[in-house]
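Asks: Sharing a sequence plus its predicted fold:
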Amino acid sequence: MARILRVPKRRRAEGKTDYKARLGLLKSGKPRLVIRKTNRYIIAQIVTSEQAQDKTLVRVSSKDISGFKPGQGKSRKAAYETGKALAGKAGDVKEVIVDFGLHRVPAGGRLMSVVQGAVEAGLNIPHNPGALPSTGDKTKKEQEDRE
């Protein structure tokens, strides 16, 4: 008798997918702003789901943003700029929901900096304004630019 491989249980056991959270995101019917962090970079994508297959519409990495020295691709400033660049490339996508995956998201952290950059660049994202980084957390250069 052939053994049937159960993919959902395997991915859950490997810690790769939270199916309950994914189902909630897919039920909304809106494109997802998928934010992932690596040891060196921040990656943001706008993804739609069609017939149980994900399709990436736009992808931006902090590696693609110029002006950062090696090792600065995972900074809060790089995350903010990645969000702004993603919103600029989004085209006709105006409203998305955020998908952080299995990452823990502290208020004011790097992943929330991506959301802040995307919101300030024009994307409509449901979020808690108290979770965004405060203006005091921005770099000195940003503060000088505003003055």
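Replies: Sure, I can see it.

Asks: Next one, pLDDT for the spatially most central residue of the chain please.
Replies: In the chain, the residue lying closest to the centroid (C-alpha atoms, centre = their mean) is I35, at 2.1 Å. Note on I35: pLDDT of 93.

Asks: So it: helix, strand or coil?
Replies: strand (DSSP: H, G, I helix; E, B strand; the rest coil).

Asks: Over to K84?
Replies: Applying three-state DSSP: K84 is helix.

Asks: wait, what's in contact with it?
Replies: Contact analysis of K84 by C-beta atoms under 8 Å, 6 or more residues apart in numbering lists G117, A118, E120, A121. C-betas here are computed from N, CA, C, even on glycine.

Asks: What of F68?
Replies: S62, S75, K77, A78.

Asks: Helix, strand, or coil at the third one?
Replies: What three-state DSSP gives for K77 is helix.

Asks: Check the gap between it and K84 for me.
Replies: Note on K77: its distance to K84, by C-beta to C-beta, to the nearest Å, is 11 Å.

Asks: Same question for the last one.
Replies: Spatial separation of A78 from K84 under the definition C-beta to C-beta is 11 Å.

Asks: got it, and the second one?
Replies: Separation of S75 from K84 (C-beta to C-beta): 14 Å.

Asks: ranges for the helices of this protein?
Replies: 7-13, 19-27, 76-89, 110-120, 140-146 (DSSP state H).

Asks: Of all those, which one is nearest K55?
Replies: helix 19-27 (12.8 Å; C-beta to C-beta).

Asks: Counting neighbours, which bits of that closest one end up buried?
Replies: L25 (16 or more other C-beta atoms under 10 Å).

Asks: before we move on, back to that, hmm, the residue nearest to the centre of the chain is touching V47, no?
Replies: No. Using C-beta atoms under 8 Å, I35 makes no contact with V47, being 10.8 Å away.

Asks: what do these two both touch?
Replies: Joint contacts of I35 and V47 (C-beta under 8 Å, 6+ apart) are D99.

Asks: Pull the contacting residues for V105.
Replies: Applying C-beta under 8 Å, 6+ apart to V105 gives the contacts L111, M112, A131.
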